[in-house]
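Participant: here are the coordinates; sequence isn't available:
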């Protein structure tokens, strides 16, 4: 596993790249997570004697890598969380899909419900108790070898949302053995948080951070993600 990389830091926020298969925060596995890693790094780097404050503003599923922002003060954490509620927090992902959707770009709206027993998320009817609305927009950028590179913009932040909605459409994310069903292709889960945009909680400057997925892993090496990264939805 690659080590996390800090791509931006000031007195209020820290933006880092989470490696794939590293937890965002502590979980049942007790494997080293990104939040703990960054706290330890700051403590050692800045020679801090007490506890380091670092607020978890959002999460990425363990198999998903990419851009994440953390708050270095409670005020920053509160303001960034408020942005997420108001829809000012914009997240874009790359996903390699199995096959290619008939519609090359469209907005998907589904209702999802999580089964807490098996930690699986399912598409369900709007009237089902506990159902939550999930919306995203995808655009197919490139197609090759029976796979397609999609750029996906999230409008809601439901757990496993992209994986469930893409699988429900019939084009699961490459490497998704959990939701891929009969179309699943074994491999490294090809889902990457490629860009993150938010308003700085103190300076009010609009910040945008972008990062390509690891080019040494299949199937990312098939596609020119550098060009796709510069395009905006």
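Facilitator: Good, I have the coordinates. What you are looking at is a predicted structure, and each value in this text was computed from that prediction instead of being measured. Numbers count the residues shown, from 1 in each chain.
Participant: going by C-alpha atoms from here, please, whenever you check contacts or count neighbours.
Facilitator: Noted.
Participant: what about stretch 179-193, average pLDDT?
Facilitator: In this model, stretch 179-193 carries a mean pLDDT of 90.
Participant: what about it, start to end distance?
Facilitator: 19 Å (Cα to Cα, to the nearest Å).
Participant: what sits against residue 11?
Facilitator: By Cα atoms under 8 Å, 6 or more residues apart in numbering, the contact list for residue 11 reads residue 72.
Participant: so how far is residue 111 from it?
Facilitator: Noted for residue 11: a distance of 39 Å to residue 111, by Cα to Cα.
Participant: got the contact list for the closest residue to residue 184 other than its chain neighbours?
Facilitator: Nearest non-adjacent residue to residue 184, counting by Cα to Cα, 6 or more residues apart in numbering: residue 177, 5.6 Å away. Contact partners of residue 177, counting by Cα under 8 Å, 6+ apart, are 184-186.
Participant: for residue 177, helix, strand, or coil?
Facilitator: Residue 177 falls in the coil class when you classify it by DSSP: H, G, I helix; E, B strand; the rest coil.
Participant: for the chain, which segments count as strands?
Facilitator: In the chain, the strands defined using DSSP state E lie at 5-9, 13-18, 55-56, 65-71, 90-98, 105-115, 120-124, 132-144, 147-154, 191-199, 206-210.
Participant: out of those, nearest to residue 166?
Facilitator: strand 90-98 (7.9 Å; Cα to Cα).
Participant: so what's residue 35 up against?
Facilitator: Going by Cα under 8 Å, 6+ apart, residue 35 touches 24-26, 54, 56.
Participant: list the contacts for residue 19?
Facilitator: Neighbouring residues of residue 19 by Cα under 8 Å, 6+ apart: 1-4, 64-66.
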